[in-house]
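Asks: everything below, folded, please.
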Amino acid sequence: MTPKTDTTGPVANQWLVLAGFIGLCLAVAGIAGWATNQSVATWYLTLDRPSWTPPNWLFAPVWTVLYVMMAVAAWQVWRVGGGFRGKARSALTAFFVQLALNFAWSFAFFAAQSPALGLLVIVALWLAIAATIAAFRPIDHLAAWLLAPYLLWVSYATALNFSIWTLN
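Replies: The predicted model follows:
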């Protein structure tokens, strides 16, 4: 394997971009968490849920780790792929699409209190994550692998969303 060339500029700029990706992902997490918290202690508790539903305390730490991994993956693609104008442009576009769908799911499921709408959004999210992994892979294998746990977690969340929809 040949070493990858960085074409994105000074090292200081790279760290600022990493901070930007982390900040963006954590902002999405924070706002989505706010939308979730509005209903999780009330409406969500009234729903019939499958026995394999994880405890509520588990979601925040898992999502925090996943959001940081997403940010690092996007930064790695940005760095290796030549920035927003380089070959990484379409891959990063896919990343931002999946991030928007990730953001939308909390509002669809929790804020709108609609497992059906949440299911539609999470299926689109799953497809967008798979497309992002496929777009990241030719640019940087590590970045693609960093998104694999996210795809697995969203697969589980999709099954959970589907079960909640069918039970209610």
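Asks: how many neighbours does Ala124 have?
Replies: 16 (other Cβ atoms under 10 Å). The way it works is simple: take the backbone N, C-alpha and C, and place the C-beta from them, glycine included.
Asks: pLDDT value on Ala128, please?
Replies: Predicted confidence (pLDDT) for Ala128: 98.
Asks: how about it, nearest residue that isn't a chain neighbour?
Replies: Gln98 (3.7 Å; Cβ to Cβ, 6 or more residues apart in numbering).
Asks: who are the packing partners of the one helix or strand the one you found maps to?
Replies: Using DSSP states H and E, Gln98 sits within helix 89-106. Contact partners of helix 89-106 among helices and strands, from 3 or more Cβ pairs under 8 Å, 6 or more residues apart in numbering; DSSP states H and E: helix 11-40, helix 56-80, helix 115-136.
Asks: at 6 Å instead, please
Replies: helix 11-40, helix 115-136 (3 or more Cβ pairs under 6 Å, 6 or more residues apart in numbering; DSSP states H and E).
Asks: among those helices, which is nearest Pro61?
Replies: Ranking these by proximity to Pro61 (Cβ to Cβ) places helix 11-40 first, at 11.3 Å.
Asks: what's that closest one packed up against?
Replies: Helix 11-40 packs on helix 56-80, helix 89-106, going by 3+ Cβ pairs under 6 Å, 6+ apart.
Asks: next, the angle helix 56-80 makes with that helix.
Replies: 150 degrees (axes from the mean of the first three to the mean of the last three Cα atoms, to 10 degrees).
Asks: for helix 11-40, buried residues please.
Replies: 14, 17-18, 21-22, 24-25, 28-29, 32-33, 35-36, 38-39 (16 or more other Cβ atoms under 10 Å).
Asks: circling back to that earlier point, buried residues in the helix holding Gln98?
Replies: Neighbour-count burial for helix 89-106 flags 91-92, 94-95, 97-99, 101-106 (criterion: 16+ other Cβ under 10 Å).
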